[in-house]
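Novice: pasting the sequence and the predicted coordinates here, then a few questions.
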2 protein chains.
Amino acid sequence: MEKQKPSLPQGTRDFAPEVMVKRNFILDTIKKTFQKFGFLPLETPAMEQLEVLTGKYGEEGDQLIFKILNNGNFLKVKGEKGKLKNQLDSILNNPTFELSSRELASSEDSETKKQDWLLQSEVKKLAFQISDKALRYDLTVPFARFVVMNRNNLAFPFKRYQIQPVWRGDSPQKGRYREFYQCDADVVGTDSLICEAEIILMINEVLANLGIQDFNLKINNRKILTGIAEVLGDAHKVGELCVAIDKLDKIGLEKVNQELIARGFSATAVDQLQPILALKGNAAEKIKFLSDLFINSEIGQKGVAEIQEVFELVQSFTQTMTVEADYHLDFDITLARGLSYYTGAIFEVKVNGVSIGSISGGGRYDNLTGTFGMPDVSGVGFSFGVDRIFDVLEELQIFPSNTTTTTQVMLSYFDEADQKYALPLLNQLRQAGINSEIYPSIAKIKKQMGYADAKKIPFVIVIGSEERQSGNLTFKDMQSGEQQKLTIAQIIQKFC
Amino acid sequence: MEKQKPSLPQGTRDFAPEVMVKRNFILDTIKKTFQKFGFLPLETPAMEQLEVLTGKYGEEGDQLIFKILNNGNFLKVKGEKGKLKNQLDSILNNPTFELSSRELASSEDSETKKQDWLLQSEVKKLAFQISDKALRYDLTVPFARFVVMNRNNLAFPFKRYQIQPVWRGDSPQKGRYREFYQCDADVVGTDSLICEAEIILMINEVLANLGIQDFNLKINNRKILTGIAEVLGDAHKVGELCVAIDKLDKIGLEKVNQELIARGFSATAVDQLQPILALKGNAAEKIKFLSDLFINSEIGQKGVAEIQEVFELVQSFTQTMTVEADYHLDFDITLARGLSYYTGAIFEVKVNGVSIGSISGGGRYDNLTGTFGMPDVSGVGFSFGVDRIFDVLEELQIFPSNTTTTTQVMLSYFDEADQKYALPLLNQLRQAGINSEIYPSIAKIKKQMGYADAKKIPFVIVIGSEERQSGNLTFKDMQSGEQQKLTIAQIIQKFC
């Protein structure tokens, strides 16, 4: 057999046990809450038909979808061989074929640009001929596909959560991977705002159980943004408005105003927008301001009414008079979120005091399944960013101490007789439900301790001839170094 | 947006919630036992470098690996354009290019066969140029790669479990999928037979917790098979011997004997083999027989000694004198297992009374990481077939009753006032850790009950004006239809 120095594909990661235990703590916390709120698990295949995925993520997204080469003679495509030959020729003979991407980017020649565009589209066409499957790019499109394919068997409203990896051919960089987990929960088939209120409760429960205390749950409503666009003169410009004000945090007010002008808003409209963007106060004050503002905007009024109802529902649920403070709510009129399919409430969660972006987000959409021929299905969903939550817990150093390993105790021993004595004890520990292991061969105690230490096993039982005779085992706390003499029954007691 | 009728790639499946809940019961049962025995989770990426995977699964396996098309202009490969042109020409001009696989299979022309072989190898070469990543084919090779890449950071013996999907371009058929989960546990870096004994205990614990009672855990040792081949005249023929006797169950003794002759064993050797294959009795009797048989075979003796020690270790662990019966052990000299990398103990589990093949298997190997430049690392591992276990539990109808859904109770109500009354109760249920949901909008009670029924939610609370006034809620058992009047506190009590 050949010897190779193995490596990982760019942008992918192994999750070693010490990382997995921490990731599982996060995922289990999330799953438990999803289930507590009546969401059930769904899994879809990693591979989807290529045509299910393309056209859903914009042209740029399409380029980042990982396509799977057809098996066997992939060039043996439908249609004539002559046609394929022509295709291949036109690709290979394209004058830009051998230019590097840098050369192409710096070229200002319009003919070169045109030829490059032709080349790209020919290559794309060929890709579709030699691959008919691709790796999923998110969990939303497969979910929509599942709902449409199973529409006659599902009980609506359908509540599902889905925790699976997705793949994107992005350039890898810090915090951006080509394979990463998404963690979604959605309800489709109802426009009840109880779902929005429950999302707020779920986010709060998950974050509390993860030990994250200082965070903002920003909430807004797309209808409010449309109302604002309407007030500024053109409801259809809500997309442009969102793109611009979404950058408020990053580029500041002045540059947002410049961008709005560049995007075709009048100076008067931008002036009108200033008090709206500058709006301060609590939710009730903002609601009052917007109610006045939307005197002539029906959609704006609807957005305000929805926000107000969501706050009231959270209050009904929790019977607290201080919903905003208790549930970290921040009604933020400038929250826009990029994804254009949102039509109602939108959410985003930012942890304070860390350098990491939002860890959760979502919103309501009215036409997710329309692309697959099932229109007018309203739904609302949100997702947790597992990698970012991991980074937050690391940065704040708040991973619980029991997330270093799942093993609770290791048995170590000096010789064969001790080993034989240890095996039934190990069996007893396990029968009591205690995760435990034995060092599998005779070795120096120091080596065995080193192993337990490296694996962060919190407790070690040492068995020698003295322990065998007395039944009092040496029980060592690996962190404090403290040792006690205990019977196996006493040790089992300690873990229960 | 275009309308499409979406579909799934051949050989792939969605796991709807009702299936997922059952699958999670199986996976959680397995994980719990793995962790109880000190195994920790590992996850590796779905994509591996193509060269990490190729050459590991035989030529046929290589063909079944799903390759991922390089992003961007995938034809822009290293080397000259002229060379690529020649390659493409030689593929397209190959006289067999347009023949169907049926035409090729029926052709007896040696020139056609030669040209087809040339075509295949040119296509394969091209596939390697336009794809440098592929989907993992099993969990063993990625595990070996992980161990080699992290050899300096791992504490050996390294115990990990790994539960992830794998992908194979096999022709889909009943029970065979292109995406399916594997569920492996391995220990590498020790040759201690305690590991083998623990595998026996783990298999027994998992099957007991799944409710599977009637099964055989077959065990054998590759060294015994080598010993037999040695006795028959040629230790190097152990591979041929294994392939033939592996079919004993399927084709019967007579045909196995014919195959042995065809594979070059002498008639004398086949005669000599008959009493070995016919061997009956308990483990002690078989061990006695083989000890006599292997008087001149050192490796055979070693195999017998290993088997004997494994039995003794299980006895030490469990302190039972009836190890074979208690742990469903069946020392089966004809158990061979196909995979050639096994060098010591081999295992296989067959559930009795069902039409499904083995649900678990594994063995010891001595050179798993050798292909990546890290020789002489002994290890032992085994895996559970999740799909097959699912089918076994379905066939025996022994899925526990709590595996139809994770939701425990649903709140239903008549009008808006009832809904408002219900929300804090729902909050109380959840705070008590009870998975619960509310029908999200006002609808006829019959519709709400239908929803709870379709989702197999076991209990429904009905709230109307009477319930609101008295605080005594209608609590309905959906299976028996029985109704009780209970306070929310009494209902919570019922679930604790």
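Specialist: Structure received.

Novice: the nearest residue to A:Pro375 once chain neighbours are set aside: how many residues sit nearby?
Specialist: Nearest residue to A:Pro375, sequence neighbours excluded (C-beta to C-beta, 6 or more residues apart in numbering or on different chains): A:Asn367, at 6.3 Å. Heads up, the C-betas are built off the backbone N, CA and C, glycines and all. Neighbour count of A:Asn367, defined by other C-beta atoms under 10 Å in any protein chain shown: 16.

Novice: where in chain A is pLDDT low?
Specialist: For chain A, applying pLDDT under 70 flags the ranges A:1-4, A:78-79, A:339.

Novice: show me the helices in the stretch 301-450 of chain A, by range?
Specialist: In the stretch 301-450 of chain A, the helices defined using DSSP state H, counting those that start in this stretch lie at A:323-326, A:386-396, A:416-431, A:445-454.

Novice: mean neighbour count and distance to chain B for those - can I get that in CSV?
Specialist: As requested, the helices of the stretch 301-450 of chain A are exported to CSV (neighbours: other C-beta atoms under 10 Å in any protein chain shown; distance: least, C-beta to the nearest C-beta, whole Å):
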stretch, mean neighbour count, distance to chain B
helix A:323-326, 15, 12
helix A:386-396, 19, 12
helix A:416-431, 18, 4
helix A:445-454, 16, 4
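
Novice: A:Glu108: which of those helices is closest?
Specialist: helix A:386-396 (39.6 Å; C-beta to C-beta).

Novice: possible to save the helices of the stretch 301-450 of chain A as TSV with distance to B:Gly481?
Specialist: Formatted as TSV, the helices of the stretch 301-450 of chain A follow (distance: least, C-beta to C-beta, whole Å):
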stretch	distance to B:Gly481
helix A:323-326	39
helix A:386-396	42
helix A:416-431	40
helix A:445-454	56
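
Novice: wait, which of those helices is closest to A:Ala336?
Specialist: Closest approach to A:Ala336 among these is made by helix A:386-396 (19.7 Å; C-beta to C-beta).

Novice: what is the distance between that closest one and the centre of its chain?
Specialist: Distance of helix A:386-396 from the chain centroid (C-alpha atoms, centre = their mean, to the nearest Å) equals 12 Å.

Novice: packing partners for that helix?
Specialist: helix A:17-36, strand A:179-188 (3 or more C-beta pairs under 8 Å, 6 or more residues apart in numbering or on different chains; DSSP states H and E).

Novice: which strands and helices sit next to the longest one?
Specialist: Helix A:17-36 sits against strand A:158-167, strand A:179-188, helix A:194-210, helix A:386-396, strand B:40-41, with contacts defined as 3+ C-beta pairs under 8 Å, 6+ apart.

Novice: equivalent analysis for the shortest one, please.
Specialist: Applying 3+ C-beta pairs under 8 Å, 6+ apart, one finds that strand A:179-188 makes contact with helix A:17-36, helix A:140-149, strand A:158-167, helix A:194-210, strand A:379-384, helix A:386-396.

Novice: neighbouring contacts of the last one?
Specialist: Put plainly, it is helix A:386-396. Applying C-beta atoms under 8 Å, 6 or more residues apart in numbering or on different chains, the external contacts of helix A:386-396 come out as A:22-23, A:26-27, A:30, A:175, A:177, A:180-183, A:210-212, A:351, A:353-359, A:399.

Novice: if I pick A:Phe459, what's in contact with it?
Specialist: A:Phe459 neighbours (C-beta under 8 Å, 6+ apart): A:408-410, A:475-478.

Novice: any idea how far the residue positioned nearest the centre of chain A is from B:Asn204?
Specialist: Here the mean C-alpha position of chain A is nearest to the C-alpha of A:Gly385 (C-alpha atoms, centre = their mean), at a distance of 3.1 Å. Applying C-beta to C-beta, to the nearest Å, the value for A:Gly385 to B:Asn204 is 41 Å.

Novice: I appreciate the help and will end here.
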